[in-house]
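Peer 1: how does the following fold in three dimensions:
(chains A and B)
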Amino acid sequence: MPASGQVTGCAAPHSVEGMRLATWNVNSIRTRVDRVIAFLNDFDIDVLAMQEIKCRTDQFPLLPFEEAGYEVAAHGLNQWNGVAIASRVGLDGVQLGFPGVPEYEGVSEARAIGARVGFAPQGGEGELADALTLWSLYVPNGRELDHPHYAYKLAWFEALRAAGIGWLQADGDAKIALVGDWNVAPLDGDVWSMDFFAGKTHVSEPERAALRGIEEAGFREVTREFAPDQYTYWDYQQLRFPRNEGMRIDFVHASPALSVSGAEIVRNERKGKGASDHVPVIFEVP
DNA sequence: ATGGTCGAAAGTCGA
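Peer 2: The predicted structure is shown next:
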């Protein structure tokens, strides 16, 4: 593409063929930044939602993203949790947390960041892309079924469901994507062994009901139809990845007005030294 | 290989 903006060949400016977005629990952005930037380049990603950046906002490695052409909004309080959004197609209207999000032990954790993306064309050429509101979400783990963190997880889900209902009541045509690490495996086939998970978090009926609540609020999951029967997470321990003993817990939930035309789970990102325990989930909007 | 992990922080906790 010529730098001047003069387009050769076809007379009209090239039309933007939708957007490629992804969500990825990166498990420390400072440790993983080179791998994340390489992923953005290799897979031509316009917008990336990150979870578990594991750093304060002021510690986020902005420079490599800026050099690669991305703006970043980050929300990190300490060495735990933390979420961010990187975009090369516009980024504004940043919200840290959603209304009514519960606290854990008196702290409002960094588990949700929202922003409007997709209103500016990449590189300033072509048509404007189609804006949507993207939420990068890191649902609480829950730890154990009888742990206070589990009740917190369910309350967090309920607050998100209520917020989602409110957004769609305010504007039924709103294009909203709720993406991230949901820490729930909704189907038995989403874990490598239901026997192993008996009595554990991530597969319990209340957790699955909480995730269904997001669907019932109007946000349908859009990646499974394009990428069936795949995991998105493998524990570092117990040779889980070589044995392919994983879980599917990273999802994209889209509002009724948001069309999604494709999705891909990038299993190769779990390979080699320096991998996150989660892999990216890519989705495309037309 | 018969037991196998990371990351951030700080002398341990969370996933």
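Peer 1: for stretch A:131-138, give me every contacting residue.
Peer 2: A:21, A:23, A:25, A:47, A:49-52, A:81-85, A:90, A:93, A:98, A:111-119, A:160, A:167, A:174-182, A:258, A:285 (Cβ atoms under 8 Å, 6 or more residues apart in numbering). For every residue, glycine as well, the C-beta is placed using N, CA and C.
Peer 1: just checking, next helix/strand downstream of the helix or strand harbouring A:Arg35?
Peer 2: Secondary structure from DSSP states H and E places A:Arg35 in helix A:29-42. For helix A:29-42, the following helix or strand on the C-terminal side (DSSP H and E) is strand A:47-51.
Peer 1: helices or strands next to that next one in the packing?
Peer 2: Judged by 3 or more Cβ pairs under 8 Å, 6 or more residues apart in numbering; DSSP states H and E, strand A:47-51 is in contact with strand A:19-25, helix A:29-42, strand A:83-87, strand A:132-138, strand A:176-181.
Peer 1: so which of those gets nearest A:Leu239?
Peer 2: strand A:19-25 (20.2 Å; Cβ to Cβ).
Peer 1: chain center to the closest one: distance?
Peer 2: Between the mean C-alpha point of strand A:19-25 and the mean C-alpha point of its chain there is a distance of 6 Å (Cα atoms, centre = their mean, to the nearest Å).
Peer 1: quick check: angle from it to strand A:132-138?
Peer 2: Here strand A:19-25 runs at 10 degrees with respect to strand A:132-138, directions being taken by axes from the mean of the first three to the mean of the last three Cα atoms, to 10 degrees.
Peer 1: may I have strand A:19-25 as CSV, with CA atoms only?
Peer 2: The C-alpha coordinates for strand A:19-25 follow below in CSV (Å, rounded to 0.1, in the frame of the first residue of the first chain):
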residue,chain,number,x,y,z
MET,A,19,-12.4,-6.8,11.4
ARG,A,20,-10.4,-9.6,12.9
LEU,A,21,-10.5,-9.6,16.7
ALA,A,22,-9.1,-12.0,19.3
THR,A,23,-9.2,-12.7,23.0
TRP,A,24,-6.3,-14.2,24.9
ASN,A,25,-5.5,-14.9,28.5
